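[1] build me a model:
(2 chains)
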Amino acid sequence: MPDLRGRLQDQAARLYGYAMALTRNPEDAEDLVQETFIKAMTADRHPADAAAFRAWLFRILRNLFLDQRRWAARAEAYRQAVRDAASDGELSDTTHPGRKDAAAITILTVRFGLMKLAPHQREILALIDVAGFSYAEASDLLDVPIGTVMSRISRARAHLIAAIDDSNIVPLPTRSGRS
Amino acid sequence: MTRDDRDTQETERWRRLCAFVDGELQGREAADLARSIAENPADARDAAMLGAVKGSVAEALTPMDDRIPRVPPTPGARSGHPRISLVRRMLAASILLLLVAGSGWIAVQNDGAPPTDAAQMPPWIETALAQHAVLSREAEAAPPPATRGTPIATDGFSPFIPRLDAGQLHIVRRMSFAGPSGHQGVAVHYRGNRGCKLTLAALDDGAGNLGEALERREFADTTLLAWRVGRVRYMLMASGMEPARLSVIARAVHDASQRHREIDGADRERIADARRRSQPCRA
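    Numbers count the residues shown, from 1 in each chain, chains lettered A, B, ... in the order given. All right, here's what the predicted structure looks like:
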């Protein structure tokens, strides 16, 4: 089994994706992941089982985000940053710099679609599609019934597709027949 | 069948397709849906679309390799006793701030650097540290909405105040003050979102014997860097920030103040990189 730092690094990209879904800001997402690492590294103990370890890490990140969100100043700074980022064009392709091809445009389209979703919808998409959690694992992490996870993920995808359809950037090749 | 019934049926079909794409259906249920997808063009189209969306979400939120956050060095490796040391440092910083705010200055030795005697402390340093303490406390007590680095002018005195957004440090407080001999001064306070506190003060007092190069002084958890630009004395103060990161910021601010232009792209990169490599501030 790799050491703790190795185990953490293995989860870094997925944690970042989840943090992006929560914060919608690359710098804040990176902060959140770094704080998660530090919290994990200073914990008295950590799960040996891979799945439990992953769930533990994502729970740390989520709790850190919720704690920070309760801090009014940070929330205000975050809103300001989002406004500034929007006005400065920082919502461009920051995680895929230099990619201007169709794939990058599709990614950008999806990212703008994600921005339009409710926070809990972005979160469930990140947990299932990025982190690779099962519905049962997501249910446990979010402390909601598994039926709620099913509802959230299906609604989130429907809304995301609708948001992409409404996007004036470029449509995805496949358009939904759903209204 | 009513419209509500159709909507319910459609919702259930969509939910099952999502579950199928996510690998959540098992056994007979999965086999039935796979057959339906094979036979029904609408199910096939929606399943393909859901698969494409699932992949796109993952790609949209997953960073390229060079942006994947790196695990920091083991916290214990820096101090040897991370928890106790951190608590003690925080406590020491708090006590110092209380002493400073209440009854004058007490400068203490830090990390083997020569102690700075409070009685010998130049008045301009006292004044600058006071601005840092006051602004830090104000920002702590009532954090305002972030205000970005707009030019500051006070009765004709307009020192250069750079933006440090690249380091995720934003101006949250600004004030004018009088120097030891009544000269005009301006101070701004930057805050990060990892506990970092930074104050830049500028004093229009002719700068005395202060040179144009950076001069560094240590006071408990606060580091002060000073330099002159013309007749203006600039002082940058940070609490709890890693020295390496502070050095990068100080050099960039120093250069920007001399050129009276915003920090250039290369320095912004360095500032952002220094932040990524650093631990959260300890103040």
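[2] my read: B:H260 touches B:F160, true?
    Yes - taking contacts as C-beta atoms under 8 Å, B:H260 lies within contact range of B:F160: 4.9 Å. For the C-beta atoms, the positions are set from N, CA and C on the backbone; glycine is no exception.
[3] between the two, what contacts are shared?
    B:V229 (C-beta atoms under 8 Å, 6 or more residues apart in numbering or on different chains).
[4] out of these two, which sits in the busier spot?
    For B:H260 versus B:F160, neighbours defined as other C-beta atoms under 10 Å in any protein chain shown are more numerous around B:F160 (20 against 12).
[5] report the secondary structure element holding the nearest residue to A:A126 once chain neighbours are set aside.
    Closest residue to A:A126 apart from its sequence neighbours, by C-beta to C-beta, 6 or more residues apart in numbering or on different chains: A:A21 at 3.5 Å. A:A21 is part of helix A:4-23 when elements are defined by DSSP states H and E.
[6] now that helix: buried residues?
    Within helix A:4-23, the residues that qualify as buried by neighbour count (16 or more other C-beta atoms under 10 Å in any protein chain shown) are A:4-5, A:7-23.
[7] quick one: average confidence on it?
    Averaging pLDDT along helix A:4-23 gives 90.
[8] from the chain's centre, how far out does the next helix or strand after that helix sit?
    Note on helix A:4-23: by DSSP H and E, the next helix or strand toward the C-terminus is helix A:26-41. Between the centre of helix A:26-41 and the centre of its chain there are 13 Å (C-alpha atoms, centre = their mean, to the nearest Å).
[9] before we move on, the earlier item: tell me who's in contact with the residue nearest to A:A126.
    A:A21 is in contact with A:114, A:122-123, A:125-126, A:130, B:61, counting by C-beta under 8 Å, 6+ apart.
[10] can you add secondary structure, distance to B:D205 and pLDDT and give these back as a markdown table?
    Putting the contacts of A:A21 into a markdown table (DSSP: H, G, I helix; E, B strand; the rest coil; distance: C-beta to C-beta, whole Å; pLDDT from 0 to 100) gives the following:
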| residue | secondary structure | distance to B:D205 | pLDDT |
| --- | --- | --- | --- |
| A:L114 | helix | 52 | 88 |
| A:R122 | helix | 52 | 92 |
| A:E123 | helix | 53 | 93 |
| A:L125 | helix | 57 | 95 |
| A:A126 | helix | 54 | 93 |
| A:V130 | helix | 55 | 89 |
| B:L61 | helix | 52 | 85 |
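[11] okay, and B:A48 sits in which element?
    Secondary structure from DSSP H and E places B:A48 in helix B:41-61.
[12] other residues contacting that helix?
    Helix B:41-61 is contacted by residues A:16-18, A:20-21, A:95, A:103, A:106-108, A:110-111, A:114, A:125-126, A:128-130, A:157, A:160-161, A:164, A:172-174, A:176-177, B:13-14, B:17-18, B:20-22, B:33, B:36-38 when judged by C-beta under 8 Å, 6+ apart.
[13] pull the CA atoms of that helix into CSV?
    Below are the C-alpha coordinates for helix B:41-61, written out as CSV (Å, rounded to 0.1, in the frame of the first residue of the first chain):
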residue,chain,number,x,y,z
PRO,B,41,-34.4,4.2,-30.6
ALA,B,42,-35.5,6.8,-28.0
ASP,B,43,-33.9,4.8,-25.1
ALA,B,44,-30.8,4.3,-27.2
ARG,B,45,-30.5,8.0,-28.0
ASP,B,46,-31.0,9.1,-24.4
ALA,B,47,-28.6,6.4,-23.0
ALA,B,48,-25.9,7.6,-25.5
MET,B,49,-26.6,11.2,-24.5
LEU,B,50,-26.4,10.4,-20.8
GLY,B,51,-23.1,8.6,-21.4
ALA,B,52,-21.7,11.6,-23.3
VAL,B,53,-22.8,14.0,-20.6
LYS,B,54,-21.4,11.9,-17.9
GLY,B,55,-18.0,11.8,-19.6
SER,B,56,-18.1,15.6,-20.3
VAL,B,57,-18.9,16.4,-16.7
ALA,B,58,-15.9,14.4,-15.6
GLU,B,59,-13.7,16.1,-18.2
ALA,B,60,-15.0,19.5,-17.4
LEU,B,61,-14.2,19.3,-13.7
